[in-house]
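# My questions are about this predicted structure, shown below with the sequence.
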Amino acid sequence: MEPTVSFVLNGKPVSVASPRDRMLVWVLRDELGLTGTKVGCEAGLCGACTVIVDSEAVPSCSTTLGDVAGKAVLTIEGLALDGKLNPVQEAFREHHAFQCGYCTSGMIMAAWAFLKKKPKATRSEIVEAMEGNLCRCGAHVRILDAVESAGQAMGGAR
Amino acid sequence: MRRRDFLQGVAAGAVTFLFTIPAGSAPIVPTRPGAYPEDFNAFLKISADGRVGCFVGKVELGQGAMTVLAMLVAEELELDPAKVDMVLGDTDLCPWDLPTGGSLTMWHTAPVLRGAAAEARAVLLGMASNSLNAPVADLALKDGAIWVKTAPARRTTFGELVKGRKLERHLGKVKPKPLSDCTLIGRRVPRKDALAKVTGAAKYAGDLRLPGTLHACILRPPAQGQTLVAADTSAAERVPGVRIVRDGSLLAVLHPQPDTARKALALVKGTFEGPEPDVDDARIYQYLVDKAAPGQRVMISRGDVAAGEKRAATVVEGEYRNAYESHATLEPHASVAKWEGGRMTVWSSTQSPFVFRDSVAEALKLPPDKVHIIAQFVGGGFGGKLVGLDAVEAARIARQVPGVPIQVAWNREEDFFLDGYRPAAVVKIRSGLDAGRGAITFWDSTVAGVSQGEAELAYDMQSNRYQAPAVPNLHPLKVGAWRAPNAHTNAFARESQLDALAAKAGLDPVTLRRRLITDGRLLSLLDLAVETFGWEPAPGPTGRGIGLACGAWRQGLVVAIAQVSVDKATGKVKTERVLEAVDVGLVVNPDGARQQVEGAITQCIGQALSEEIRFKGGRILDKNFDTYLLPRFSAIPRIQVVFPETSTAVTQGIGEPPVVPVAAALANAVFDATGARVTHVPFTPERVLEALKHAPAR
Ligand code: FES
Ligand code: FES
């Protein structure tokens, strides 16, 4: 039996009996059943697997379980509170800022982590913040619009 | 099934009956492959609570099929589209349909579905007329309720009418509502998949976690086309929980954890055999030209090309190339298969559930009705998920472990390796303009790598000849349909060549096209694009970096105008602005259509500037997104999309048309910026620098 690793997942403490060098994305998807976090490249290149660890957006395909021991992990499933969408989710829905939706969880997590720090970001700062996230369907323009308006909704009106 | 004008729709059948079925039960109306069912009940089920289930064999790839099809049904039945529950791509529950691709959904399926909904409306009104004892003309219908207009208390609902009843009626053809009465068509409707996608709840094939699932990782050869002859699995078998399955040359490592299965696979040593072609990504173009040469056939020809050449005052000779390009859907291919009770069920990331069903059946030597495909949300298709190799692999493995769900989820390297690419191609064109600069006297085109599909556009030509090869297995790599196949390759060549002719003759490129275009619809679309963009006529190169191109996919027409800046020191092209004017007939769902155009423009910036599969023999050198470069946020220009206010065209799909002219518009913009003509897609910085070397000094 593996020793357990404990961390806080979407606000609740969890313990997982899995090797510390296992990538977080597999722990989330397989051990914890949270499949909203997607897998696109397993190499930190596409951002589909982005989650937030202690307020930083990280690729969970390149973050080990050991890396998050004792930390707070937030996934797409933990964003909506009491059934109310978070402002970034709301903006993505409103702007139809997705097509196939496969990049969407990662986009929303990257945007949320960024806007929490900088709701008053300029368009080019948003571009820079989202540069690590790929979208093959070409929803980019709407994603930028959505992130911008979510920032405004969060009190960052410029 | 004859194709009809979208607005006429097609009334579904003669005999009608209505009843509800529990979810998951056997197909309500047996379907004959190759045709849509006559009975509208195959498409629509009205449940006791008045919600309407809509069953269609198409899938949601992100293109918005779920939303636009629900809109059509809701329009006829006067419902909120949120009350229409879409069941897509389940081969047991949905009537047969063609693959979701080629922009066929709106052209092909939509009129049938609309006809079915119109008939359902008429049947419901007829039933209400009986139960309310009032003529149909006196009834009103809205939100699932039907009432007597003059006495609203006399009302009933879909649920009450249908519940427990079975009805047979001969209604003949029923006309859908006239457009003037439509309240949803042409409006913005919230996407039905929005909530699931922004919350992470949407399930893609790789997200399924059926109890007892084993994840299968398959041993791949180093080169395309090779097969496994021997394998040493001893080290992998020592990993606790690992199970090895072999079926002919297919060898899979199974484990309850996907990452452990992948690690154990790395311990398997395989020996593969098979010839590798002696070609690589640099030599492919000569390879194709040489191999195609003996098989070149004249596919289209008009007038005397030799005589036309004698009349020409300006002659241009061009050779245009494009590389192999991957679909690179963000979701790699994935399927889950389970063999149980003599039936194979496969949950799949698929554009074509019925093709997948037949492929799995054939591979396992089963009758097709013993295979059940259930499409999941699909993380992008673009023509890459039409074939079903992953489904067949999962099914072959599952057949050997009865009762155990087997998940095959390719990783990125497999996805690049096993993809069927947009074919590499070479198009050579010699053509000439008369002294009056108003007529193409000849146009002589030879293509290798793709067909002559959509090579022609509505341009007047005194003579022309299009040759394309009839050579089987022309390509050394696996190729497939990539969004607007053939058309975008041919449009790149044609529109670049026209631009070169215009420049050589000292003509503004729009002026030249205006003189040549024979189709009123294309001409007014050109005007719309030019006006919206603010095109100022001048012969190129002007230094402004603005280029234009036209294109077609069936009756869908597009004019693209792009503006770029070029860093002459590095060869880097930055797209500043792209406008597309798109005429696809009546636009049912304008926001969805706009999304398709925005997406196509964005995707084609990658196609034009950076995406290329590099290979040596059968070895694919691109294994991930570090070398295979998709456009990122910093590459995205300002995008504008315009539709004509009215159109005489029958409603067309919009997945493919906006792809067609983008690369050409960008290449023409590079020429306008620099005087250098880039003729090789993608025009990477190296290729731009090379072209700059040959550009006349300005
Ligand atoms: S899957 Fe983690 S960055 Fe692509
Ligand atoms: S919506 Fe498909 S990858 Fe972004």
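Cool, the structure landed. Numbers count the residues shown, from 1 in each chain, chains lettered A, B, ... in the order given. Ligands and ions are numbered 1, 2, ... in the order given.
# buried residues in the longest helix that chain A contains?
The residue-count maximum for a helix in chain A (DSSP state H) belongs to helix A:104-117. For helix A:104-117, the neighbour count (16 or more other C-beta atoms under 10 Å in any protein chain shown) marks A:104-115 as buried. (Each C-beta comes from the backbone N, C-alpha and C, glycine too.)
# repeat for stretch B:214-233
For stretch B:214-233, by 16+ other C-beta under 10 Å, it's B:214-221, B:223-224, B:226, B:228, B:231, B:233.
# Next, the distance between the ends of that stretch.
End-to-end distance for stretch B:214-233: 18 Å, by C-alpha to C-alpha, to the nearest Å.
# One more: stretch B:421-430?
28 Å.
# Off-centre distance for it?
Relative to the chain's own centre, stretch B:421-430 is displaced by 20 Å; criterion: C-alpha atoms, centre = their mean, to the nearest Å.
# One more: stretch B:439-450?
With C-alpha atoms, centre = their mean as the basis, stretch B:439-450 stands 26 Å off its chain's centre.
# Residue B:613 - how many residues pack around it?
Counted with other C-beta atoms under 10 Å in any protein chain shown, residues neighbouring residue B:613 total 23.
# The residue in chain A that chain B sits nearest to - nearest residue in space that isn't next to it in sequence?
In chain A, no residue comes nearer to chain B than residue A:36, which is 2.1 Å away by C-beta to the nearest C-beta. Closest residue to residue A:36 apart from its sequence neighbours, by C-beta to C-beta, 6 or more residues apart in numbering or on different chains: residue B:200 at 2.1 Å.
# Hmm, residue A:35 and that neighbour touching each other?
Yes: taking contacts as C-beta atoms under 8 Å, residue B:200 lies within contact range of residue A:35: 7.5 Å.
# out of the two, which sits in the more crowded spot?
More neighbours surround residue B:200 than the other of residue B:200 and residue A:35, with 26 against 23 (other C-beta under 10 Å).
# For that one, list the residues it contacts.
Residue B:200 makes contacts with A:34-37, A:75-77, A:104-105, as judged by C-beta atoms under 8 Å, 6 or more residues apart in numbering or on different chains.
# let's go with 6 Å and repeat that
A:36, A:76-77, A:105 (C-beta atoms under 6 Å, 6 or more residues apart in numbering or on different chains).
# ditto for residue A:109
Contacts of residue A:109 (C-beta under 6 Å, 6+ apart): A:50-52, A:57.
# before we move on, back to that, next step: the buried residues of stretch B:214-233 restricted to strands.
In strands, judged by DSSP state E, the following of these are found: B:214-218, B:228, B:231.
# so what's the residue of the stretch 451-600 of chain B found nearest ligand 1 closest to, chain neighbours aside?
Of all residues in the stretch 451-600 of chain B, residue B:599 sits closest to ligand 1, at 20.0 Å by C-beta to the nearest ligand atom. Leaving aside its chain neighbours, residue B:599 sits nearest to residue A:138 (3.5 Å; criterion: C-beta to C-beta, 6+ apart).
# try residue A:129
Using C-beta to C-beta, 6+ apart, the closest residue to residue A:129 is residue A:114 (4.1 Å).
# Packing partners of the host helix or strand of residue B:308?
Taking DSSP states H and E as the definition, residue B:308 sits inside helix B:305-311. Applying 3 or more C-beta pairs under 6 Å, 6 or more residues apart in numbering or on different chains; DSSP states H and E, we find helix B:305-311 packed against strand B:440-448.
# From the contact counts, what lies against the strand it packs on?
Counting contacts by 3+ C-beta pairs under 6 Å, 6+ apart, strand B:440-448 packs against helix B:284-292, helix B:305-311, strand B:425-433, strand B:464-469.
# what mean pLDDT does it have?
In this model, strand B:440-448 has a mean pLDDT of 98.
# Give the buried residues for it.
Neighbour counts over strand B:440-448 (16+ other C-beta under 10 Å) mark B:440-448 as buried.
# returning to that earlier point: ok, and which of the contacts of residue A:109 reach chain B?
When these are checked against chain B using C-beta under 6 Å from any C-beta of the partner chain, none falls in range.
# Identify, from the residues you listed, the entry nearest to residue B:107.
Nearest to residue B:107 among the contacts of residue A:109, counting by C-beta to C-beta, is residue A:50 at 37.7 Å.
# ok, that closest one touching residue A:106?
Yes: Residue A:50 is within contact range of residue A:106, at 3.9 Å (criterion: C-beta atoms under 6 Å).
# rewinding a little: ok so the residue of the stretch 451-600 of chain B closest to ligand 1 is a helix residue?
Yes: under DSSP: H, G, I helix; E, B strand; the rest coil, residue B:599 sits within a helix.
# Quick one: name the residues of chain A near ligand 2.
For chain A, the residues in contact with ligand 2 (C-beta under 6 Å from any ligand atom) are A:98-103, A:135-137, A:139.
# Could I get the residues you listed in a markdown table, plus columns for pLDDT?
Below are the residues of chain A next to ligand 2 laid out as a markdown table (pLDDT from 0 to 100):
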| residue | pLDDT |
| --- | --- |
| A:98 | 98 |
| A:99 | 98 |
| A:100 | 98 |
| A:101 | 98 |
| A:102 | 98 |
| A:103 | 98 |
| A:135 | 98 |
| A:136 | 98 |
| A:137 | 98 |
| A:139 | 98 |
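# Neighbour count added to the contacts of residue A:109, as a markdown table?
Shown next, in a markdown table, are the contacts of residue A:109 (neighbours: other C-beta atoms under 10 Å in any protein chain shown):
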| residue | neighbour count |
| --- | --- |
| A:50 | 29 |
| A:51 | 30 |
| A:52 | 21 |
| A:57 | 22 |
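# In chain A, which residue is most central in space?
When C-alpha atoms, centre = their mean is applied to chain A, the residue found nearest the centroid is residue A:109 (2.6 Å).
# Tell me the spacing between the residue of the stretch 201-350 of chain B found nearest chain A and ligand 1.
The minimum distance from the stretch 201-350 of chain B to chain A, using C-beta to the nearest C-beta, falls at residue B:207 (3.7 Å). In this view, residue B:207 and ligand 1 are 14 Å apart by C-beta to the nearest ligand atom, to the nearest Å.
# what sits against that residue?
By C-beta under 6 Å, 6+ apart, the contact set of residue B:207 is residue A:35.
# And it, its phi and psi?
Torsion angles at residue B:207 (phi, psi; degrees, to the nearest 10) stand at phi -90, psi -10.
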